[in-house]
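Visitor: Quick one: sequence and predicted model below, then my questions.
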Amino acid sequence: MPACLVCSREIPATSPFCAYCGSPNPEATPTGGGSAPSASDVELIERRLQAALGPGLTVEEILGEGGFSVVFAATDRKLSRRIAIKVLRPELTASKSSKQRFVREAESVARLNHPHILPIYFVGEGQGLVYFGMPLVEGETLDARIRRDGRLTESEAVRIGAEIADALAEAHAAGIVHRDIKPHNVMLQGAKARVLVADFGIAKAAAGGSGEAGTSGEKLTGTGVAIGSPHYMSPEQASGSDDVDARTDLYSLGIVLWQMLVGELPFTASDQQAILMQQVTRPAPSLRSRRPETSAALADVIARCLEKNPGDRFPSAEALAHALRALLAAPAPSAPGRRAVALGAAAVIVAAAAVGVALWRGRPGARAAAAPAEAAATTAPAGAAPVIAVLPFSVVMSGDTAQFARAAAGMLTEALALRNGVATVDVNESLSRWLAEWRRITAPLEDNARFAYRLGANQMVIGNYVESGRQFRLSATMYDTHDADLLWRDEVTGPTDSLFTLVDRLAARAAAALCGQPEYNPGNLCFDTGARPADSLVVDGATPASIGFYARVSATGELAEVRVQGEPADAAIASQALAVLRGARFEPARKDRRPVDAWATVHVAVRPGAAETALQGAGCDDPALGVRNADKACYDTRPVPRENLPLIATPAACAAVPAPATVLMRVTATGEVQGAPTVTGRSDCAAFNDAAVAAAAEIAFAPAQKAGRPVAAWTRILVRPAPAGSGR
């Protein structure tokens with residue numbers, strides 16, 4: 001009996017689908033365009049993708065396959081970061097009109113800016129492929145979580161469902177319907193399992209948009225039949241209707257909620273058509289019949305999502321999100337008796353219904369119905385070390401002001417967080433709460449202060465951005481959240497292309513204002529002198545400018561960590577600037593005349609220089625060389641270890657033998673490792689990554705050679721775990 005390639009469960013030989021997760025039977029005969037690519041197809045796609053990306057991006061490994069895409073890990077060599085690249089299956093982009101449709105859909109999704117939507121870095125087309133660049137998320141899919149844990153707790157399922165609904169609300173407001181909501185398309189990021197929804201709009205593009213056909217009259221398959229996910233399809237999508245709107249996503253989310261709570265799918269059958277027929281005609285099984293301890297209120301919310309008639313579902317994703325959060329906010333009964341549970345459930349149902357009515361009649365009335373009660377326990381007591389919440393800015397400019405208001409708050413939050421001693425409320429958490437409560441920037445000052453207080457902040461920053469032509473003014477005001485007293489106000493002005501620099505300047509002034517507060521942490525933020533480079537930091541470029549970095553300098557003057565400010569306009573110049581920064585010497589910050597660890601803002605100047613050309617020579621065009629100096633010329637030889645590449649023992653903290661780790665380091669002209677190596681290709685064990693960095697720092701190298709002379713150069717090595725019993 002074949003096993004599912006996704007969840008490893010057995011599949012009857014006659015069934016084309018896994019009854020648990022809905023993945024195709026790997027041994028079934030394909031019935032259309034929905035089968036996954038073969039191994040040879042994937043290898044061909046990988047080769048074509050590398051050719052399309054060029055030398056700036058290196059495709060490393062396949063991360064996963066879906067119904068209409070393949071995802072690869074890649075390294076952005078210019079910015080020294082790993083990303084994920086999703087490639088649409090070539091048969092879905094066989095015509096010019098299909099490619100245009102995918103690119104257009106992806107570009108609209110790329111404009112979304114929401115803490116629960118996986119962003120798109122870029123959209124590309126080449127070698128017959130259409131692909132998207134995205135962050136490489138450290139975490140797991142919701143599908144993997146369900147497969148590992150089975151049933152999720154009720155509170156966790158509701159929290160995840162609410163965050164998915166928040167993401168859907170943002171997309172629906174922009175006119176984008178997902179059409180393929182399922183656990184495979186939901187990422188859970190980090191220890192807090194923050195939701196990131198992926199693949200917005202791709203199913204719509206694959207289905208031919210809103211019923212559109214190509215210039216040659218083609219239309220890809222039936223709407224959703226061969227490319228969607230039958231186990232999660234709404235009845236209107238399963239029947240191939242052209243009248244599919246945002247409410248189809250609410251139905252799919254209802255199935256995801258059902259699966260999180262039960263651990264299985266509500267509709268299963270031996271073939272695709274039978275599943276689609278169930279979606280159209282059969283009511284979903286009772287949730288409480290499969291998990292009796294589920295609250296009646298939650299069962300009713302999910303049942304409403306799974307109504308066959310779209311008009312009987314929640315009117316919007318916002319209404320669903322508020323109904324789910326009402327469940328989280330409902331107080332637990334004092335005793336687990338049946339009457340107490342029933343009364344509590346009834347109260348939540350009434351609250352959720354009130355939210356739905358308010359949303360249906362208009363947004364203004366919804367805030368009062370949906371506003372959460374004041375927190376019973378204060379999280380920001382007066383006199384504590386300051387914690388700052390930056391609220392969305394008001395904006396006066398053309399374009400999507402709401403999106404920019406959130407982005408400005410995020411930039412200022414990050415800049416403040418990189419000041420030593422400044423504690424900030426996580427911007428994703430604050431924006432999620434802001435959206436959930438439908439807050440307004442123009443709300444009374446005391447109202448916003450109470451909101452920031454509930455986030456755990458005892459200080460808040462509000463501001464506005466005014467743009468006129470190519471100039472802008474960014475102003476910010478800091479208030480105490482306890483009594484809304486004014487603490488500080490300032491503004492910066494400048495050209496629109498200097499936004500990141502001026503946001504950082506505003507953050508520095510806010511930090512200086514905090515220094516004047518007697519209760520502020522005096523041993524960390526308010527230094528006698530700040531960290532600064534001891535060397536002149538300059539690179540050559542086409543036009544004069546500067547590239548900003550946040551750099552953490554240790555008490556011994558070593559560069560411990562670097563973050564670039566924003567997305568540089570010229571990635572090649574930014575890469576050169578990063579190399580110069582990593583090779584520089586620093587003067588550490590001082591407090592009470594003693595050196596201390598500190599963050600610093602560092603700018604690398606770009607001076608006009610002659611156009612750079614790569615020197616041609618043996619191996620110069622070989623992408624595998626992977627080593628280039630600051631003027632882009634290839635070396636005669638690269639740095640190589642003087643002894644065998646390291647094999648290190650697996651740390652006890654690793655649950656299993658880890659995968660190899662790729663370590664990046666700078667080797668001086670004398671063959672020594674300069675600065676702290678960094679891991680660019682991580683293994684699956686953090687302890688092994690740390691051990692790999694320590695081992696790499698001890699290696700003696702034969703330095704790179706250029707024109708017969710030793711020179712400093714960057715290089716990467718692969719650190720592998722030693723075999724068991726090798727003694728290493």
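Guide: Structure's in. What do you need?

Visitor: Next, Asn428: secondary structure please.
Guide: helix (DSSP: H, G, I helix; E, B strand; the rest coil).

Visitor: For it, give me its contacts.
Guide: By CB atoms under 8 Å, 6 or more residues apart in numbering, the residues touching Asn428 are 115, 194. In this view, the C-beta of every residue, glycine as well, is placed from N, C-alpha and C.

Visitor: distance of it from Trp434?
Guide: 11 Å (CB to CB, to the nearest Å).

Visitor: Roughly how far does the residue nearest the centre of the chain sit from Leu320?
Guide: The residue lying closest to the centre of the chain (CA atoms, centre = their mean) is Leu118, at 4.8 Å. For Leu118, the distance to Leu320 equals 20 Å [CB to CB].

Visitor: do Leu168 as well
Guide: Taking CB to CB as the measure, Leu168 falls 8 Å from Leu320.

Visitor: now swap in Leu79 and tell me
Guide: 38 Å.

Visitor: Quick one: distance of the host helix or strand of Tyr550 to the chain centre.
Guide: Taking DSSP states H and E as the definition, Tyr550 sits inside strand 545-553. Relative to its parent chain, strand 545-553 has a centroid offset of 23 Å by CA atoms, centre = their mean, to the nearest Å.

Visitor: And for the spatially closest residue to Gly128 that is not a sequence neighbour, the neighbour number?
Guide: Closest residue in space to Gly128, ignoring its immediate chain neighbours: Pro90 at 5.8 Å, by CB to CB, 6 or more residues apart in numbering. Counted by other CB atoms under 10 Å, the residues lying close to Pro90 total 16.

Visitor: can you pull the buried residues of stretch 168-186?
Guide: 168-172, 174, 176-186 (16 or more other CB atoms under 10 Å).

Visitor: starting at the chain centroid, how far to that stretch?
Guide: A distance of 15 Å separates the C-alpha centroid of stretch 168-186 from that of its chain, computed with CA atoms, centre = their mean.

Visitor: residue ranges of the helices in the stretch 351-500 of the chain, please?
Guide: Taking DSSP state H, counting those that start in this stretch, the helices of the stretch 351-500 of the chain run over residues 363-370, 401-417, 427-436, 445-454, 499-515.

Visitor: Let me have those in CSV, adding mean pLDDT as columns.
Guide: Below are those laid out as CSV (pLDDT from 0 to 100):
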stretch, mean pLDDT
helix 363-370, 26
helix 401-417, 72
helix 427-436, 77
helix 445-454, 86
helix 499-515, 80
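
Visitor: among these, which is nearest Gly124?
Guide: For Gly124, the closest of the helices of the stretch 351-500 of the chain is helix 401-417, at 23.0 Å, according to CB to CB.

Visitor: Just the buried residues of stretch 494-508, please?
Guide: 498-507.

Visitor: Could you check how far Ala73 is from Leu118?
Guide: 15 Å.

Visitor: isn't Glu558 right up against Arg585?
Guide: No: in this structure, Glu558 is not within contact of Arg585 by CB atoms under 8 Å, at 9.0 Å.

Visitor: ok, His603 - contacts?
Guide: 501, 537, 546-549.

Visitor: Could you do Glu429 as well?
Guide: With contacts defined as CB under 8 Å, 6+ apart, Glu429 is in contact with 115, 455.

Visitor: Which members of the contacts of His603 define the maximum pairwise distance?
Guide: Farthest pair in the contacts of His603, by CB to CB: Thr501 and Leu537, 15.0 Å.

Visitor: Going by neighbour count, which of the contacts of His603 are buried?
Guide: Applying 16+ other CB under 10 Å to the contacts of His603 flags 501, 537, 546-549 as buried.

Visitor: Now render the residues you listed as TSV, adding distance to Ala686.
Guide: Below are those laid out as TSV (distance: CB to CB, whole Å):
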residue	distance to Ala686
Thr501	34
Leu537	32
Ser546	35
Ile547	30
Gly548	29
Phe549	25
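
Visitor: nearest to Arg148, of the residues you listed?
Guide: Distances from Arg148 to these, taken as CB to CB, are shortest for Phe549 (38.7 Å).

Visitor: What is the neighbour count of the closest residue to that closest one other than its chain neighbours?
Guide: Counting by CB to CB, 6+ apart, Val602 is the residue found nearest to Phe549 once chain neighbours are left out, at 4.9 Å. Counted by other CB under 10 Å, the residues lying close to Val602 total 23.

Visitor: Asp149 now?
Guide: The burial count assigned to Asp149 is 12, neighbours taken as other CB under 10 Å.
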